[in-house]
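**Student:** Turn this into a structure:
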Amino acid sequence: MVNHQKVTEVPLIPVIMAGGLGARLWPASRPDRPKQFLNFGGSKHTLFQQTVLRLRDLPKREGNVMAPIVVCNVEHRFLVAEQLQELGISNAEILLEPVGRNTAPALAVAALCAEQNHGPEAHLLVLAADHAMSDGAEFLRVVSYANHLASGGHLLTFGIVPSYIETGYGYIKRGDDLHLEQGGIAFKVAAFVEKPQRERAEEFLQDGGYYWNSGMFMFRVRNFITELSQLAPEVIGPCRMAWQKAKKDLDFVRLDVESFSKARNISVDCAVMEHTTHAVVIPLSAGWSDLGAWQAIWHHLPKDDARNAVLGDVLVHQTKDSLIYAQNRLVALSGVENLVVVETNDAVLVAGREHTQNLKSLVEQLKLAKRPEINSHKVVYRPWGYYETLILNVGFQVKRITVKPGCALSLQLHNHRAEHWVVVKGKARVQRGEELLTLLPNESTYIPQQTKHRLENFGDQLLEIIEVQCGDYLGEDDIVRFEDRYNRDT
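**Tutor:** As a prediction, this is how the structure comes out:
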């Protein structure tokens with residue numbers, strides 16, 4: 001029997017895994033701004049922010065909840081910081097993965113961080129940044145129960161009670177009932193099952209003893225590190241070195257590149273959960289979805305009488321069982337069914353709804369063709385604001401640049417292009433060579449090639465300029481930085 005005494009005094013640290021790329025949600029999700037930093041279904045908050053907000057009532061239940069640890073790709077660090085700032089959170093620990101190494105190394109460094117800051121008895125609640133949950137109260141109830149069980153040394157995973165036939169998820173087969181008496185149920189894990197074919201998925205649904213593998217966990221730091229040391233030394237060894245050599249950079253912790261790169265690229269399921277004798281599954285029925293493909297988005301969103309899920313400016317006629325997502329313009333469908341149609345400002349996807357799990361193959365074709373639409377949207381976010389490409393042609397490019405109040409671009413020069421700037425809103429301070437200029441709306445300047453320059457917003461509103469670039473090469477890598485308040489190298 002689990003001892004409840006003083007369990008709530010043990011620190012509980014949420015760990016938010018935010019390193020995915022969401023390739024199966026192209027063209028909405030792209031490497032420069034993947035799905036966890038987008039919103040779906042009309043929410044004003046992104047999936048990452050919704051994950052953070054889902055935890056806001058947890059201290060009322062558990063009392064000793066610490067600031068979250070966020071593990072993310074180094075390229076997304078400013079997205080994470082900005083979206084946390086929008087929620088009023090300034091004390092999160094943001095760990096930067098220099099290279100992608102799957103969930104086992106990411107969780108290993110999070111556990112080492114928690115061990116150093118909160119001690120080996122602390123509990124970790126591991127969540128993905130890109131999941132949706134419609135029943136927050138039930139989620140918190142099950143998390144509270146799991147927090148008590150973790151004190152008994154179990155490595156807990158949350159198994160989603162399946163509500164329909166799904167071939168896009170892995171499954172967990174439950175074993176013996178633990179016969180606990182603390183107001184919940186839990187089972188030993190009998191097996192982890194790979195994504196099944198449809199017939200087998202139907203059997204799992206009818207059986208009732210299988211759960212979707214959510215990728216969410218709860219365990220005590222000491223127990224998890226012990227299991228990693230025994231079952232995956234090729235993970236914990238390099239990660240320990242990467243943590244010991246980590247360096248603070250602004251609001252971030254940069255893991256050592258050389259050490260972290262040596263960690264085995266493996267999921268926490270394959271490294272630990274499938275082999276440990278301490279794995280326990282807790283059933284969760286809280287309207288969960290990993291939103292991993294457009295089919296999952298369709299399941300998650302509300303639908304009209306014809307079972308269409310619609311986002312944006314959409315008109316449908318004699319259309320059913322479809323997902324239509326319009327970001328920029330009117331999208332009209334007539335006489336079709338079982339489709340996914342996604343419109344962005346530079347790409348349109350049309351796919352059979354049942355085939356969206358295979359979208360990675362299409363993405364690979366785009367990569368091989370070196371299409372720019374595979375990596376970036378026309379609107380690209382930076383720590384100082386964002387820019388939008390309006391026209392791209394041979395020899396010239398037109399952008400709209402928006403700079404937040406008090407922010408500035410780096411001091412830089414370009415070897416292959418000159419730039420013309422026209423201020424359309426706000427107040428700009430421009431360094432051009434040795435000159436320092438102040439530009440107001442309807443004023444402009446010219447930046448020759450190989451001239452040091454910097455753009456700064458010194459007003460209290462957004463600064464917007466129209467930039468015309470002219471030259472024989474217009475790539476974003478034609479930047480030589482001299483000073484940058486955000487510590488960027490490129």
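**Student:** Could I get the average pLDDT for stretch 412-420?
**Tutor:** For stretch 412-420, mean pLDDT rounds to 97.
**Student:** And that stretch, end to end?
**Tutor:** 15 Å (Cα to Cα, to the nearest Å).
**Student:** Would you mind listing the outside residues contacting it?
**Tutor:** Residues outside stretch 412-420 that contact it (Cβ atoms under 8 Å, 6 or more residues apart in numbering): 444-454, 467-474, 478-482. Placement of C-beta: from N, CA and C, glycine included.
**Student:** In ChimeraX, how would I select just the buried ones from the residues you listed?
**Tutor:** Those of the contacts of stretch 412-420 that count as buried under 16 or more other Cβ atoms under 10 Å are selected in ChimeraX with:
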select :445,447,451,453,454,467,468,469,471,474,478
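**Student:** Next step: the contacts of stretch 412-420 restricted to strands.
**Tutor:** The strands, defined by DSSP state E, take in 444-447, 453-454, 467-471, 480-482 from these.
**Student:** between the residues you listed, which is closest to A150?
**Tutor:** The closest of these to A150 turns out to be R481 (Cβ to Cβ; 45.6 Å).
**Student:** lowest-confidence helix or strand of the chain?
**Tutor:** Among the helices and strands of the chain, helix 58-62 carries the lowest confidence by mean pLDDT, DSSP states H and E, at a mean of 78.
**Student:** Quick check: which ranges of the protein have low pLDDT?
**Tutor:** Within the chain, the segments meeting pLDDT under 70 span 1-8, 42, 181-183, 490.
**Student:** Okay, strands next: where are they in the stretch 151-300 of the chain?
**Tutor:** Applying DSSP state E, counting those that start in this stretch to the stretch 151-300 of the chain gives strands spanning 155-160, 171-177, 187-193, 210-220, 247-249, 252-254, 279-284, 288-289.
**Student:** The longest one to strand 279-284, inter-axis angle?
**Tutor:** In terms of direction (axes from the mean of the first three to the mean of the last three Cα atoms, to 10 degrees), strand 210-220 departs from strand 279-284 by 120 degrees.
**Student:** helices and strands around strand 210-220, which ones?
**Tutor:** The contact analysis (3 or more Cβ pairs under 8 Å, 6 or more residues apart in numbering; DSSP states H and E) places strand 210-220 against strand 123-128, helix 136-150, strand 155-160, strand 171-177, strand 279-284.
**Student:** counting contacts, what elements does the helix or strand just after the least confident helix or strand of the chain pack onto?
**Tutor:** Remark: after helix 58-62, the chain's next helix or strand is strand 69-73, criterion DSSP states H and E. Using 3+ Cβ pairs under 8 Å, 6+ apart, the elements in contact with strand 69-73 are strand 12-18, helix 77-86, strand 93-97, helix 103-118.
**Student:** any chance of those in CSV, plus mean neighbour count and distance to V52?
**Tutor:** Below are the helices and strands packed on strand 69-73 laid out as CSV (neighbours: other Cβ atoms under 10 Å; distance: least, Cβ to Cβ, whole Å):
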stretch, mean neighbour count, distance to V52
strand 12-18, 24, 7
helix 77-86, 19, 7
strand 93-97, 23, 12
helix 103-118, 24, 15
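**Student:** circling back: could I get the ones in strands among the contacts of stretch 412-420 as JSON lines with distance to V403?
**Tutor:** Shown next, in JSON lines, are the ones in strands among the contacts of stretch 412-420 (distance: Cβ to Cβ, whole Å):
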{"residue": "S444", "distance to V403": "16"}
{"residue": "T445", "distance to V403": "15"}
{"residue": "Y446", "distance to V403": "19"}
{"residue": "I447", "distance to V403": "15"}
{"residue": "H453", "distance to V403": "14"}
{"residue": "R454", "distance to V403": "11"}
{"residue": "E467", "distance to V403": "11"}
{"residue": "V468", "distance to V403": "17"}
{"residue": "Q469", "distance to V403": "17"}
{"residue": "C470", "distance to V403": "21"}
{"residue": "G471", "distance to V403": "22"}
{"residue": "V480", "distance to V403": "20"}
{"residue": "R481", "distance to V403": "17"}
{"residue": "F482", "distance to V403": "18"}
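**Student:** on that earlier part again, and of the helices and strands packed on strand 210-220, who's closest to Q431?
**Tutor:** That would be strand 123-128 among the helices and strands packed on strand 210-220, by Cβ to Cβ, at 42.6 Å.
**Student:** Phi and psi next, for H377.
**Tutor:** phi -80, psi 170 (degrees, to the nearest 10).
**Student:** just to revisit the earlier point, turn the helices and strands packed on strand 69-73 into JSON lines, columns for distance to A246.
**Tutor:** Below are the helices and strands packed on strand 69-73 laid out as JSON lines (distance: least, Cβ to Cβ, whole Å):
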{"stretch": "strand 12-18", "distance to A246": "16"}
{"stretch": "helix 77-86", "distance to A246": "14"}
{"stretch": "strand 93-97", "distance to A246": "8"}
{"stretch": "helix 103-118", "distance to A246": "8"}
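**Student:** what's the closest of the ones you listed to L440?
**Tutor:** helix 77-86 (27.3 Å).
**Student:** quick one, what contacts the nearest residue to M66 once chain neighbours are set aside?
**Tutor:** Nearest non-adjacent residue to M66, counting by Cβ to Cβ, 6 or more residues apart in numbering: I13, 4.6 Å away. By Cβ under 8 Å, 6+ apart, I13 lies in contact with 65-69, 114, 118, 122-125.
**Student:** Which of those residues sits closest to V281?
**Tutor:** L125 (15.5 Å).
**Student:** ok so, going back, could you pull out the buried residues of the least confident helix or strand of the chain?
**Tutor:** Under 16+ other Cβ under 10 Å, the buried positions of helix 58-62 are 58, 62.
**Student:** surely H76 meets A18?
**Tutor:** Yes: contact criterion Cβ atoms under 8 Å: H76 and A18 qualify, at 6.9 Å.
**Student:** And the furthest pair within the contacts of I13?
**Tutor:** Spatial extent of those (Cβ to Cβ) is set by the pair A67 and H123 at 14.3 Å.
**Student:** Which one's more surrounded, those two?
**Tutor:** H123 (29 against 14; other Cβ atoms under 10 Å).
**Student:** Surely the more buried one touches F217?
**Tutor:** No: using Cβ under 8 Å, H123 is not in contact with F217; the gap is 10.4 Å.
**Student:** Doesn't I89 belong to a strand?
**Tutor:** No: judged by DSSP: H, G, I helix; E, B strand; the rest coil, I89 forms no part of a strand; its state is coil.
**Student:** tally of neighbours for it?
**Tutor:** Using other Cβ under 10 Å, I89 has 17 neighbouring residues.
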